[in-house]
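Asks: this one's structure only:
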């Protein structure tokens with residue numbers, strides 16, 4: 001095995017971890033993160049590298065100097081921004097093709113990490129509101145419930161974002177958001193604005209459902225990443241449980 005310098009080894013580790021962190025934080029699957037990191041390391045001359053990725057951390061090592069260099073980073077916050085994942089994949093392809101130096105790639109990855117959110121909170125709330133009304137119709141609800149579902153879905157999503165900023169525990173934010181959605185749905189039917197409380201609730205909670213998380217959990221399990229697949233599945237289950245609990249508590253109280 002050709003040895004590479006200590007300085008270049010550290011540079012390779014840093015750029016691989018940065019690429020992996022961006023992808024993992026923004027909704028990429030575990031196996032995709034590991035594959036991207038390995039390809040980048042190989043392109044820069046580190047033929048033998050190992051990575052271990054979980055939803056909360058990345059361990060990456062490169063065999064190029066003695067002793068083998070290893071580094072760990074923690075992933076605290078996770079969101080969904082597949083545009084950043086696509087951009088990192090594009091940079092990875094350019095690196096594999098020999099089109100970017102380590103310094104150039106590191107600069108571009110830093111730009112991606114520091115990019116502001118693609119959509120503002122207002123746009124996300126509006127999208128959640130419209131999606132809630134569309135889900136209501138898809139689940140064979142009546143058009144008279146469209147506006148109540150739009151209001152409940154938008155307000156519920158807004159409260160989920162706001163509560164999560166106040167208390168950084170997703171379970172409580174999603175529980176309170178679901179409770180509020182149910183309360184709005186019951187109020188709409190009670191005052192004659194809505195007709196079917198169940199359809200309004202079902203349509204309005206759909207923007208809170210962790211669809212991408214469930215998909216990634218299944219794909220990771222199929223790819224053999226059992227730890228990541230099970231942990232993502234557990235996180236999706238907790239989200240579903242929080243939504244269900246919020247609605248159930250409201251039914252009990254009312």
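Replies: Looks like it came in fine. This one's a predicted model, so the numbers in the text were calculated from it and none came from an experiment.

Asks: for the stretch 101-250 of the chain, what are the low-confidence residue spans?
Replies: Under the criterion of pLDDT under 70, none of the stretch 101-250 of the chain is flagged as low confidence.

Asks: residue 224 sits in which helix or strand?
Replies: Using DSSP states H and E, residue 224 is not contained in any helix or strand.

Asks: burial check on it, number of neighbours?
Replies: 10 (other Cβ atoms under 10 Å). C-beta here means a position set from N, CA and C on the backbone, and glycine is covered the same way.

Asks: any idea what sits nearest it, other than its immediate chain neighbours?
Replies: Ranked by Cβ to Cβ, 6 or more residues apart in numbering and with sequence neighbours excluded, the top spatial neighbour of residue 224 is residue 31, at 7.9 Å.

Asks: could you do residue 137 as well?
Replies: Residue nearest to residue 137 in three dimensions, not counting chain neighbours: residue 146, with 6.7 Å by Cβ to Cβ, 6+ apart.

Asks: got it, and residue 181?
Replies: Using Cβ to Cβ, 6+ apart, the nearest residue to residue 181 is residue 156, at 3.8 Å.

Asks: by contact count, what packs against the single longest helix found in the chain?
Replies: Secondary structure of the chain per DSSP state H: the longest helix is helix 226-253. Applying 3 or more Cβ pairs under 8 Å, 6 or more residues apart in numbering; DSSP states H and E, one finds that helix 226-253 contacts strand 49-54, helix 170-190, helix 197-205, helix 211-222.

Asks: same thing but 7 Å
Replies: Contacts defined by 3 or more Cβ pairs under 7 Å, 6 or more residues apart in numbering; DSSP states H and E place helix 226-253 against strand 49-54, helix 170-190, helix 211-222.

Asks: quick one: which of those is nearest residue 203?
Replies: With Cβ to Cβ as the measure, helix 170-190 is the member of the helices and strands packed on helix 226-253 nearest residue 203 (9.2 Å).

Asks: what helices and strands are in contact with that closest one?
Replies: Contacts defined by 3+ Cβ pairs under 7 Å, 6+ apart place helix 170-190 against helix 146-166, helix 197-205, helix 226-253.

Asks: any idea how far it is from the chain center?
Replies: Offset of helix 170-190 from its chain centre (Cα atoms, centre = their mean, to the nearest Å): 23 Å.

Asks: the inter-axis angle of it versus helix 197-205?
Replies: For helix 170-190 against helix 197-205, the angle by axes from the mean of the first three to the mean of the last three Cα atoms, to 10 degrees is 140 degrees.

Asks: go through helix 170-190 and flag the buried ones.
Replies: Applying a neighbour-count criterion of 16 or more other Cβ atoms under 10 Å, one finds 170, 173-186, 188-189 buried in helix 170-190.
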